[in-house]
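Participant: Structure for this input, please:
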Amino acid sequence: MLNFAHALDHMFLLIFATSVAAIAADFGVARWEDLMPYSVGAFAMFGLCSLPAGRLGDLWGRRPMMLVFFFGMGVAALIVATTRSPWQIGIALTLLGIFSAIYHPVGIPMLVQRSARPGLTIGFNGLAGNLGVALSAIVTGALVKYMGWKGAFIVPGIAAIACGFVFARVAPVETEAPAQRAQTRAMPGRRALAHIFAVVTAASISGSLLFNFTTNGNGELLRERLAGIVDDPAMLGALLAAVYVVGALSQVAVGMLLDRVPVKALYVGIVAVQAPLFFVAANAQGWTLYALMFAFMIFVFGAIPFTDALIVRYVDDRLRSRVSGMRLAVAFGVSALAVWLLGPIVKASGFRSLLLLMAAIALVTLCVVLLLPAEKTRGIGRDEPAPRAAD
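Facilitator: A predicted model of the protein is given here:
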């Protein structure tokens with residue numbers, strides 16, 4: 001259920017981007033690009049509300065917070081379907097973003113807290129999340145075609161509420177909040193931890209910018225560069241879903257490696273490939289662009305598990321939701337700019353300029369990751385009782 005929740009989280013945040021052309025037509029907005037900035041509130045709250053969500057996860061409990069997630073997401077999606085103007089949908093999407101912020105700082109620490117192979121667990125969780133991205137492409141495309149854009153929010157909204165009832169039945173009741181449990185991992189001193197947190201947050205910002213630019217823009221990028229080759233919305237959604245499924249599978253491979261090889265070396269190797277792929281894709285058309293989209297999404301998705309893996313490696317479970325919440329509040333809050341800038345950049349300069357910008361961001365990510373401390377051990381390691389480390 002926690003993995004399925006990850007899929008729902010990413011799916012819900014991308015329903016708007018996948019159906020934006022149909023929504024713009026219904027609202028009387030001439031260009032889809034002019035409607036994209038109204039979704040920035042959702043992505044801003046997705047980041048900013050991670051901080052209180054993480055704090056509540058550690059101090060109140062992760063199970064009750066996940067129940068708030070399921071029911072809140074479902075109700076918010078149904079509210080989006082009732083809107084009739086750009087400002088109304090902007091407010092409703094912001095509400096959706098508030099509830100969507102709960103999952104990452106709460107669900108992922110809940111998932112790995114008893115895992116014997118946390119790297120593989122994170123990898124499968126990343127696969128689930130990006131299958132949600134794929135579902136957003138294919139399911140939203142089909143629902144828009146056969147039920148209209150409102151149906152694209154109503155059906156997943158009802159599904160989320162149903163999942164809330166299932167989770168309430170199957171998830172064990174927590175006997176105590178995570179903050180009250182015994183320590184399970186020795187932590188580095190404050191200076192070392194601050195350095196690691198700063199690097200992880202900076203890398204998370206640039207990585208999240210790439211994630212938001214690609215997942216929110218790929219649908220219209222395909223529509224533009226496959227014009228005259230594939231024009232059916234459902235078929236375009238299926239093609240995009242295939243990209244996301246293949247890209248998501250890379251996270252399982254990365255997860256397996258995270259338990260076996262030094263994290264820094266693996267992270268550097270993956271982000272180093274991103275910039276050349278974006279640069280080549282900037283001038284590609286037709287099926288060549290589609291093939292390159294597979295390539296760059298494999299490495300964009302493949303880089304996602306590392307920030308969670310580094311937090312698992314260096315931070316005790318009692319603090320993980322709060323540390324994750326702080327990291328996500330900064331990273332996702334800043335990367336929400338990608339959603340606001342996407343429409344204006346494409347409208348003014350086209351997708352070529354956007355892809356070149358993403359190549360530059362990928363180079364920044366590489367420089368940041370190189371600042372991670374050298375490692376003496378391989379893999380992440382599982383949680384075990386450990387003495388408190390001195391500063």
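Participant: So what's the residue count around V280?
Facilitator: Number of residues near V280 (other CB atoms under 10 Å) recorded here: 16. Every C-beta, even on glycine, is put in place using the N, C-alpha and C of the backbone.
Participant: nope, L193 is what I was after
Facilitator: Per other CB under 10 Å, the neighbour tally for L193 reads 16.
Participant: so what pLDDT did it get?
Facilitator: On pLDDT, L193 comes in at 81.
Participant: immediately after the helix or strand harbouring it, which helix or strand?
Facilitator: Following DSSP states H and E, the helix or strand that holds L193 is helix 190-225. Where DSSP H and E defines the elements, the next helix or strand beyond helix 190-225 is helix 233-258.
Participant: Retrieve the pLDDT associated with A386.
Facilitator: 49.
Participant: cool, V339 as well?
Facilitator: In this model, V339 is scored at 72, pLDDT.
Participant: can you check the one 3 residues further on too?
Facilitator: On the pLDDT scale, L342 is placed at 81.
Participant: Also the one 5 residues further on?
Facilitator: pLDDT, K347: 82.
Participant: M187 now?
Facilitator: Per-residue pLDDT puts M187 at 63.
Participant: what's in contact with stretch 268-277?
Facilitator: The contact list for stretch 268-277, computed with CB atoms under 8 Å, 6 or more residues apart in numbering, reads 203, 207, 210, 254, 292, 295-296, 299-300, 302-303, 306, 358-360, 362-363, 365-366, 369-370.
Participant: Next, check the residues you listed against the helices and list the overlap.
Facilitator: Counting by DSSP state H, the part of the contacts of stretch 268-277 found in helices is 203, 207, 210, 254, 292, 295-296, 299-300, 302, 306, 358-360, 362-363, 365-366, 369.
Participant: which residues in the stretch 1-150 of the chain form helices?
Facilitator: Using DSSP state H, counting those that start in this stretch, the helices of the stretch 1-150 of the chain run over 2-27, 40-48, 50-59, 62-80, 86-100, 103-112, 118-170.
Participant: Confidence-wise, which of the ones you listed is weakest overall?
Facilitator: helix 40-48 (a mean of 86).
Participant: hang on, the earlier thing: for the helix holding L193, buried residues please.
Facilitator: Judged by neighbour count using 16 or more other CB atoms under 10 Å, the buried positions of helix 190-225 are 193, 196-197, 199-223, 225.
Participant: do stretch 105-115 as well
Facilitator: In terms of neighbour count (16+ other CB under 10 Å), stretch 105-115 has its buried residues at P105, V106, G107, I108, P109, M110, L111, V112, Q113, S115.
Participant: Adding distance to T18, write those out as a markdown table.
Facilitator: Formatted as a markdown table, those follow (distance: CB to CB, whole Å):
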| residue | distance to T18 |
| --- | --- |
| P105 | 26 |
| V106 | 26 |
| G107 | 23 |
| I108 | 24 |
| P109 | 29 |
| M110 | 28 |
| L111 | 27 |
| V112 | 30 |
| Q113 | 33 |
| S115 | 32 |
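Participant: which of these lies closest to I15?
Facilitator: Comparing those against I15 with CB to CB places G107 closest, at 19.5 Å.
Participant: How many residues are close by the closest residue to the closest one other than its chain neighbours?
Facilitator: In space, and not counting its chain neighbours, G107 is closest to L2: 5.1 Å by CB to CB, 6 or more residues apart in numbering. A total of 19 residues lie near L2 under the criterion other CB under 10 Å.
Participant: And the one 5 residues further on, by the same measure?
Facilitator: Using other CB under 10 Å, A7 has 21 neighbouring residues.
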